[in-house]
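Student: I'll drop the sequence and a predicted model, then ask my questions.
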Amino acid sequence: MKYKVSVYPKSFKGKDKSVMNASTKKITKLIPQRCDDYCPYAQECDHESNMVYTLKMSSGKIIELDNKPVYKDIDDMRRELHKGIKESMNLPGTKIIKAPTGAGKTYAYLSVIKESERQTIVAVPNKKLMYAIAAEAEERGISYITTPIIEDLLQELKDTETVRLIRHMYAVGNDRNINYILRDCDEESAHAYLDKMDRLREYKGQLIITTHARLLKMKPDYLRCRNVIIDEDILPSMIQIRQIRISDIMDMLDENKEEDTFSVDSIAKLKRIANVSGYEVIEAIDEEYLDDEERLLICRRISRDNYSAIFPALRARCFYHKDDDDEVYFVETQPIPICNCTIVSATVNEMLYRKLLGDQLYSFKDLGELKYKGKLYLHHDRSYSKSCLTENCDIITELREKYEDKSSIITFKDFAKYGEMYFGAAQGSNELAGCDLTVIGTFHRPEYVYKLWAMIMGDLNTDDPLAVRRIERNGFNFSFMTFKDPLLREIQLYLIESEAEQAVGRARLVSHDCNVHLFSNLPLKQCRLKMRTFSD
């Protein structure tokens with residue numbers, strides 16, 4: 001039997017479809033036929049809820065591949081994780097263990113720390129997770145201390161001029177001299193901060209809990225006599241995109257200023273940065289060359305209104321400048337100090353760590369996958385990029401109306417409400433475990449971010465354009481705006497996936513039978529495909 005299918009003209013928009021019958025002159029309302037009611041192939045083909053959505057699906061179709069993963073038993077993986085961390089403590093260099101969210105990473109490394117006779121430093125992405133680890137350590141009878149947080153101190157200080165000066169020093173990259181400012185401050189909170197820093201140096205307990213950012217600034221000698229565990233992926237803290245304004249450089253180089261000038265090499269480097277065109281590699285100034293005297297001379301020339309990252313720019317190699325823009329972007333890299341270090345995370349990328357760490361990476365072990373107990377639904381009818389949501393503000397409004405009362409929402413910071421998690425700050429938290437979630441967004445970065453990352457890893461293929469390409473990833477074949485160059489593509493997809501996986505992971509789907517709705521056009525592992533317009 002043949003079936004005739006009529007497709008609505010492109011001029012029809014929305015769900016209310018109607019046409020005029022030529023013979024009767026009456027308006028007839030057309031309702032899309034449900035596939036499972038009308039189509040004889042409904043049980044065989046890859047279809048949506050009705051014929052219109054099934055036809056629409058062809059342009060942005062995501063095809064699920066046949067290469068199904070072998071899922072591990074969660075108890076077996078937890079034993080393997082505990083054993084892997086324990087063995088790693090006795091091996092040299094940097095070791096990486098990749099284990100899915102919900103595998104029990106925190107429980108495993110705290111068990112190893114409790115058994116160990118050597119002091120351990122645990123580094124986490126943010127202070128919220130730092131305090132959560134501290135609470136778990138206390139519950140398990142592990143002696144610990146947390147490093148102080150400079151942002152907490154700035155909230156406590158009453159002297160606004162001191163706060164402004166410290167923020168300025170952080171912005172320009174001269175934060176190593178901040179303790180001098182705090183010693184001159186009369187406020188009790190400043191002295192309490194310095195006292196805690198002194199106690200850290202003498203602390204003899206089992207565990208020191210800190211942040212990724214502070215760990216990267218710790219001296220190698222301090223770390224070498226301790227075990228180091230990095231909880232969650234530290235790569236985004238190791239590679240950061242900073243900026244320096246050309247107008248700020250010109251102000252510093254102004255010959256009419258009365259302050260003492262600084263060295264010829266620093267002046268030459270700043271002039272070179274001010275003339276960057278497109279993507280360029282420039283010789284860096286060695287950190288040892290920027291001694292206290294040179295820093296002081298440079299600081300005398302920096303206006304308090306200048307918040308450009310001056311000192312990181314002097315040390316940087318890879319730059320990008322678009323003609324007529326005042327900002328020049330560059331990569332600031334902070335390597336992991338050479339020590340006995342174990343990274344445990346669900347989102348680590350082996351290719352990128354090997355590119356960046358080289359021989360410092362002793363081993364990389366992927367423990368495999370765990371099958372979700374809950375369900376992850378991917379709604380992929382739009383890109384759900386930040387620009388997409390900005391240009392179509394009704395999308396997030398309607399999604400909030402539909403999901404807000406039923407689940408917690410994680411989205412871009414610009415669209416998040418007070419108290420909600422957002423992309424960039426969703427790592428590690430366990431407070432939404434077992435809760436239904438709605439994750440809205442595909443977290444793209446500007447193109448220069450991906451290319452600067454690639455440059456720092458030795459790939460200078462900056463002419464490769466972003467274009468819609470058919471790719472395979474996470475068990476799916478789909479179209480995506482990406483690069484042809486393998487490293488550029490890997491960097492881009494890694495950065496986007498990491499944010500999505502961290503957001504989705506807050507529900508702990510491995511252990512809880514809950515639902516997560518992800519609105520994005522990049523499929524994650526184990527997602528179930530949904531093709532719906534936001535108003536459906």
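Tutor: Arrived safely.
Student: which intervals of the protein have sub-threshold pLDDT?
Tutor: Within the chain, the stretches with pLDDT under 70 are 1-59, 428, 531-536.
Student: In it, where's the longest helix?
Tutor: The longest helix of the chain (DSSP state H) is helix 486-505.
Student: Can you list the buried residues in that one?
Tutor: Using 16 or more other CB atoms under 10 Å as the test for burial, helix 486-505 gives 487-505. All C-beta atoms are positioned from the backbone trio N, CA, C, and that covers glycine.
Student: for stretch 153-160, same thing?
Tutor: 153, 157.
Student: For that stretch, which outside residues touch it?
Tutor: For stretch 153-160, contacts defined as CB atoms under 8 Å, 6 or more residues apart in numbering pick out 163, 166, 167, 185, 187, 189, 190, 193.
Student: Quick one: end-to-end distance for it.
Tutor: Stretch 153-160 has an end-to-end distance of 12 Å (criterion: CA to CA, to the nearest Å).
Student: now swap in stretch 139-157 and tell me
Tutor: End-to-end distance for stretch 139-157: 32 Å, by CA to CA.
Student: just to revisit the earlier point, just checking, which of the contacts of stretch 153-160 belong to helices?
Tutor: Using DSSP H, the members of the contacts of stretch 153-160 that fall in helices are 163, 166, 167, 189, 190, 193.
Student: Tell me the one among those residues nearest to residue 368.
Tutor: Comparing the ones in helices among the contacts of stretch 153-160 against residue 368 with CB to CB places residue 193 closest, at 43.4 Å.
Student: Could you tell me how many residues sit around that closest one?
Tutor: 21 (other CB atoms under 10 Å).
Student: likewise residue 224?
Tutor: Neighbour count of residue 224, defined by other CB under 10 Å: 12.
Student: The nearest residue to it once chain neighbours are set aside: neighbouring residues, count only.
Tutor: Nearest residue to residue 224, sequence neighbours excluded (CB to CB, 6 or more residues apart in numbering): residue 339, at 5.1 Å. Neighbours of residue 339 under the rule other CB under 10 Å: 20.
Student: Please, where are all the strands along the stretch 51-200 of the chain?
Tutor: Along the stretch 51-200 of the chain, counting by DSSP state E, counting those that start in this stretch, strands occupy 63-64, 94-98, 120-124, 144-146.
Student: what lines up beside the third one in the sheet?
Tutor: Take DSSP bridges as the rule and strand 120-124 pairs in its sheet with strand 207-211 (parallel), strand 227-231 (parallel).
Student: Equivalent analysis for the last one, please.
Tutor: Sheet partners assigned to strand 144-146 using DSSP bridges are listed as strand 207-211 (parallel).
Student: List the contacts of the strand it pairs with.
Tutor: Contacts for strand 207-211 (CB under 8 Å, 6+ apart): 113, 119-127, 130, 133-134, 137, 142-147, 149, 200, 218, 226.
Student: I'd like the next helix or strand past it.
Tutor: Next along the chain after strand 207-211, taking DSSP states H and E as the criterion, comes helix 212-215.
Student: From the chain's centroid, how far away is the helix or strand just after that next one?
Tutor: Counting by DSSP H and E, the next helix or strand C-terminal to helix 212-215 is helix 220-224. When distances are taken as CA atoms, centre = their mean, to the nearest Å, helix 220-224 is centred 27 Å away from the chain's centroid.
Student: Ok, stretch 147-157 next?
Tutor: Computed by CA atoms, centre = their mean, the chain-centroid distance of stretch 147-157 equals 24 Å.
Student: quick one on the thing from earlier: now, of the contacts of strand 207-211, which are buried?
Tutor: Among the contacts of strand 207-211, those buried by neighbour count (16+ other CB under 10 Å) are 113, 119-127, 130, 133-134, 137, 142, 144-147, 149, 200, 218.
Student: Domain ranges for this structure, per the record?
Tutor: Segmentation of the chain into domains, based on automatic domain parsing, reads 1-58, 74-238+335-366, 239-333, 375-530.
Student: can you give me the helices in the stretch 151-300 of the chain?
Tutor: Assigned by DSSP state H, counting those that start in this stretch, the stretch 151-300 of the chain shows helices spanning 160-172, 178-183, 188-202, 212-215, 220-224, 235-238, 246-252, 264-274, 292-300.
Student: Counting neighbours, what do you get for the nearest residue to residue 143 once chain neighbours are set aside?
Tutor: Counting by CB to CB, 6+ apart, the nearest residue to residue 143 once its immediate chain neighbours are dropped is residue 205, at 3.6 Å. Residue 205 has 12 neighbouring residues, counting by other CB under 10 Å.
Student: do you know how far residue 205 is from residue 495?
Tutor: 37 Å (CB to CB, to the nearest Å).
Student: can you check residue 303 too?
Tutor: Noted for residue 303: a distance of 34 Å to residue 495, by CB to CB.
Student: Could you do residue 300 as well?
Tutor: Noted for residue 300: a distance of 38 Å to residue 495, by CB to CB.
Student: now do residue 345
Tutor: 14 Å.
Student: With residue 324 instead?
Tutor: Computed as CB to CB, the residue 324 to residue 495 distance reads 27 Å.
Student: hang on, the earlier thing: tell me the angle the next helix-or-strand element following the longest helix of the chain makes with helix 486-505.
Tutor: Going down the chain from helix 486-505, the next helix or strand is strand 515-519, by DSSP H and E. Strand 515-519 and helix 486-505 are oriented at 140 degrees to each other (axes from the mean of the first three to the mean of the last three CA atoms, to 10 degrees).
Student: Just checking: what are the partner strands of strand 515-519?
Tutor: Strand pairing for strand 515-519, determined by DSSP bridges: strand 375-379 (parallel), strand 437-440 (parallel).
Student: unless I'm mixing things up, residue 182 is touching residue 193, no?
Tutor: Yes - between residue 182 and residue 193 there is a contact under CB atoms under 8 Å: 6.3 Å.
Student: in a helix, that's where residue 450 is, yeah?
Tutor: Yes - under DSSP: H, G, I helix; E, B strand; the rest coil, residue 450 sits within a helix.
Student: I'd like to know how many residues surround it.
Tutor: Close neighbours of residue 450, defined as other CB under 10 Å, add up to 27.
Student: Tell me who's in contact with it.
Tutor: Residue 450 sits next to 483, 488, 491, 492, 495 when contact means CB under 8 Å, 6+ apart.
Student: Now for residue 102: which residues touch it?
Tutor: For residue 102, the contact set (CB under 8 Å, 6+ apart) comprises 74, 370, 505, 508, 509, 510, 511.
Student: Kindly report the same for residue 239.
Tutor: For residue 239, the contacting residues are 331, 332, 333, 356, 453, 456, by CB under 8 Å, 6+ apart.
Student: do you know how far it is from residue 233?
Tutor: Separation of residue 239 from residue 233 (CB to CB) stands at 11 Å.
Student: who touches both of those two?
Tutor: Among the neighbours of residue 239, none is also in contact with residue 233 (CB under 8 Å, 6+ apart).
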